[in-house]
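Chemist: One predicted model, sequence on top.
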Amino acid sequence: MTIQKNISLKQFNTFRVEAFAKYFCEVNNLSELKSLITTDHFENEQKLILGGGSNILFTKDFNGIVIKNCIGGIEVISESKDNVLLEVGAGHDWDELVEYTVNNGFYGLENLSLIPGTVGASPIQNIGAYGAEVKDVIESVKGLSLESFEQNEFSNSECNFGYRDSIFKTELKNKFIVTSVVFSLSKNGKVNTNYKAIENYISEKKLSKVTPSEVRSAVIAIRRSKLPDPREIGNAGSFFKNPVISNNKYEEIKSNYSDLNGYQVDDSSVKIYAGWLIDKCGLKGKRVNDVGVYEKQALVIVNYGNSTGGEILEFSDLIISNVYNKFNIELVKEVNII
Ligand SMILES: Cc1cc2nc3c(=O)[nH]c(=O)nc-3n(C[C@H](O)[C@H](O)[C@H](O)COP(=O)(O)OP(=O)(O)OC[C@H]3O[C@@H](n4cnc5c(N)ncnc54)[C@H](O)[C@@H]3O)c2cc1C
């Protein structure tokens, strides 16, 4: 384990913005992590846990230690005729895990294919896509408290999962390091093809029996057609959460815009698409210097080259105020601002 000083974080965030960490260290196992955080020198330093940096925007240098979680490994901890429990190291690449499960015929992660980042970050914002959320297959989350330095395990219900939310993003923000996640996957489950674009892909291919592997192929094809590849254009996926509004508010907007879509989250509220709101403000494809709204998906802010985190943040605030002025709806950022 090597602790480096004054390290550029540009290659460690998918927005590709420049920022420096006072200290930087990669940890490969639990004992390295424990010894790092309990040393006198680092006990009082500010700490930032970094996975793949695909949901982070650095707006300034980090005056503390960035701990890059590289704890890997997939272990089958129990298996029956119908189910398998997998414990996966927090530093494991998320999509490699999805590929592994699909190749082994396990159901549950296929709709979450091609999401960048690490396994340890997946419960933090309860990643979701194409009609699935990771909370539906998480058995428990294991990690280390940054306050007591003790190991803890949170059952699914203790994680307080919500839409792009969990206890790790709220009460335990910066207080807990996820070291592994236990997934409960079905061996003879049902695929979820309710999402319109997946349904279309399946019907075009005229598939009779749909397997997790086919759903994965569908999701990969759809994502590649709509989302920018961070290896080519800096971005962090959806910059904002989709807002939930009242039924009345929904009807009010719908009376002016017949193409408004949403889905009922409970009796009194509807979730609508933040990308649609941004598009209706005429901002899709808008560019200011090197920062812009992606032309194929208005929910994504992109760094065309040399934007700073500060410029991206300022641009996102411009989007928020445009949407607020037009619709009286306040968008909330999904990306973690540092
Ligand atoms: C092109 C693109 C598409 C995307 N599509 C989706 C999508 O469809 N659905 C979706 O939900 N997200 C999506 N994202 C966002 C992102 O990929 C996910 O949020 C992912 O889980 C972030 O993983 P990461 O390892 O990169 O986390 P980081 O960006 O490194 O970290 C994110 C947050 O989690 C914390 N964290 C990370 N690891 C740990 C740990 N081990 N313990 C404690 N805290 C930790 C960090 O401190 C930070 O606050 C997309 C991003 C991109 C670039």
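Modeler: Nice, thanks for sending it over.
Chemist: Can you classify Leu97 as helix, strand or coil?
Modeler: helix (DSSP: H, G, I helix; E, B strand; the rest coil).
Chemist: So which residue is dead centre in the chain?
Modeler: The centroid of the chain falls nearest to Ile127 when counting by CA atoms, centre = their mean (4.8 Å).
Chemist: Which residues are in contact with it?
Modeler: 94, 112, 115, 117, 121, 133-134, 164 (CB atoms under 8 Å, 6 or more residues apart in numbering). All C-beta spots, glycine's among them, are computed from the backbone N, C-alpha and C.
Chemist: what separates Asp290 from Glu311, distance-wise?
Modeler: As judged by CB to CB, to the nearest Å, Asp290 and Glu311 stand 7 Å apart.
Chemist: and the residue in the stretch 151-300 of the chain that the ligand sits nearest to, what pLDDT?
Modeler: Nearest to the ligand, among the residues of the stretch 151-300 of the chain, is Gly237, at 2.5 Å (CB to the nearest ligand atom). Looking at Gly237, its pLDDT is 95.
Chemist: Just list the residues touching it, thanks.
Modeler: Applying CB under 8 Å, 6+ apart, the residues near Gly237 are 54-55, 115-116, 227, 300, 334.
Chemist: Quick check: which element contains it?
Modeler: strand 234-238 (DSSP states H and E).
Chemist: Please apply the same query to Lys190.
Modeler: Lys190 belongs to no helix or strand, assigned by DSSP H and E.
Chemist: Next, count neighbours for it.
Modeler: 8 (other CB atoms under 10 Å).
Chemist: Would you agree it is in contact with Tyr107?
Modeler: Yes - if you go by CB atoms under 8 Å, Lys190 and Tyr107 touch, sitting 7.2 Å apart.
Chemist: Counting neighbours, what do you get for the residue lying closest to Lys286 once chain neighbours are set aside?
Modeler: Among residues not flanking Lys286 along the chain, Val293 sits closest, at 5.0 Å (CB to CB, 6 or more residues apart in numbering). A count of neighbours around Val293, defined by other CB under 10 Å, yields 25.
Chemist: Contact residues of the protein facing the ligand?
Modeler: 14, 48-56, 69, 90, 115-118, 120-122, 124-125, 127-129, 168, 177-178, 227, 230, 235-237, 336 (CB under 6 Å from any ligand atom).
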